[in-house]
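My questions concern the predicted model and sequence given below.
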Amino acid sequence: MTTGAGGGGGGDCKSVLDVTYRDFKETHPDFEMASFRGDEPRRQLIEPTLDGDRKPVFLDSVGCFAQLPAPLGCRDGVGTQKTITSEESFNQWYRDMPGVNMTFPKELALQESPPGSGQYVFDSADFFPLAPEEGFGITPPNNGKRQNFLFTTEIHLMFGYVAGQKFTFRGDDDIWIFINGKLALDLGSMHGPAESVIDFDAQAQDLGIFPGNSYAMDIFHAERHTDGSNFRIETNISCFVPVDIPL
């Protein structure tokens with residue numbers, strides 16, 4: 001893997017991301033919620049920093065409507081329905097909980113697209129990384145796609161920060177990306193495909209990052225409701241180093 005504009009360096013770096021998926025059933029209070037099918041991205045559902053285990057921390061069940069396309073910040077108005085049931089229910093999303101979820105380590109490959117462009121992309125409008133026969137199987141069982149919905153995605157990486165880098169995410173449902181332990185992109189709640197961009201140079205001061213140094217990137221996603229699943233990453237970071245943390 002070359003460095004240059006993508007940054008990173010080191011013999012362990014790659015554009016294939018190590019991912020932990022956790023499968024859930026529709027009986028979980030935060031998945032396939034009967035009382036709320038989603039509206040638009042919400043913010044301030046979680047704290048702006050990670051805990052000591054590099055996990056997101058619950059803040060609020062309702063949050064505020066996102067001021068898009070900015071990666072952070074709220075516009076006027078708040079939702080009227082809970083999108084997360086409680087701190088207890090949220091704490092099960094990204095932790096191994098026997099009987100509540102099932103864990104699957106896999107990989108997600110970013111492809112340079114087009115070749116030679118320096119842009120690395122993963123793009124799926126049918127994002128179902130867990131097969132119908134894996135985990136709890138086709139969930140909910142009556143979904144028209146006959147796919148395994150209702151799962152979370154967790155990724156922990158290190159990357160070398162080079163001036164000019166950006167990281168774009170488009171998808172549904174919840175997505176939170178932390179850089180250097182600080183929230184850098186916030187598209188929480190159940191919603192249709194939504195997009196926002198981390199501009200590392202513009203956000204460097206708030207994130208406490210400086211070109212030429214390496215930093216942690218922690219990505220948390222959830223697919224919580226039928227009947228669409230979209231997941232798109234585009235970045236000019238060519239080189240990531242995986243990080244192992246307790247599950």
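Happy to help now that I have it. Numbers count the residues shown, from 1 in each chain.

where are the low-confidence patches of this protein?
1-11 (pLDDT under 70).

Tell me who's in contact with residue 207.
Neighbouring residues of residue 207 by C-beta atoms under 8 Å, 6 or more residues apart in numbering: 179, 180, 182, 184, 200, 215. To be clear about C-beta, it is placed using only N, CA and C from the backbone, and glycine gets the same treatment.

Redo the residues you listed as a markdown table? Include neighbour count, secondary structure and distance to residue 128.
Formatted as a markdown table, the contacts of residue 207 follow (neighbours: other C-beta atoms under 10 Å; DSSP: H, G, I helix; E, B strand; the rest coil; distance: C-beta to C-beta, whole Å):
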| residue | neighbour count | secondary structure | distance to residue 128 |
| --- | --- | --- | --- |
| 179 | 23 | strand | 28 |
| 180 | 19 | coil | 31 |
| 182 | 17 | strand | 31 |
| 184 | 24 | strand | 27 |
| 200 | 25 | helix | 30 |
| 215 | 19 | strand | 31 |
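
In those, find the pair that's most separated.
182 and 200 (12.1 Å; C-beta to C-beta).

Helices along the chain, start to end?
Along the chain, counting by DSSP state H, helices occupy 87-90, 200-207.

got the ones you listed as TSV, with distance to residue 146 columns?
Below are the helices of the chain laid out as TSV (distance: least, C-beta to C-beta, whole Å):
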stretch	distance to residue 146
helix 87-90	27
helix 200-207	40
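
To residue 175, which of the ones you listed lies closest?
Closest among the helices of the chain, using C-beta to C-beta: helix 87-90, at 14.8 Å.

CA-only coordinates of that closest one, as PDB, when you get a sec.
Extracted in PDB, the C-alpha atoms of helix 87-90 (Å, rounded to 0.1, in the frame of the first residue of the first chain):
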ATOM      1  CA  GLU A  87     -29.200   3.700  28.300                       C
ATOM      2  CA  GLU A  88     -29.500   0.000  29.200                       C
ATOM      3  CA  SER A  89     -30.800  -0.900  25.700                       C
ATOM      4  CA  PHE A  90     -28.200   1.200  23.900                       C
END
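
Next, the buried residues of that helix.
89, 90 (16 or more other C-beta atoms under 10 Å).

got the contact list for that helix?
Taking C-beta under 8 Å, 6+ apart as the rule, helix 87-90 contacts 28, 29, 30, 46, 58, 84.

Beta-bridge partners for the fourth one, please?
Looking back up the chat, that one is residue 46. On the basis of DSSP bridges, residue 46 is bridged to residue 58.
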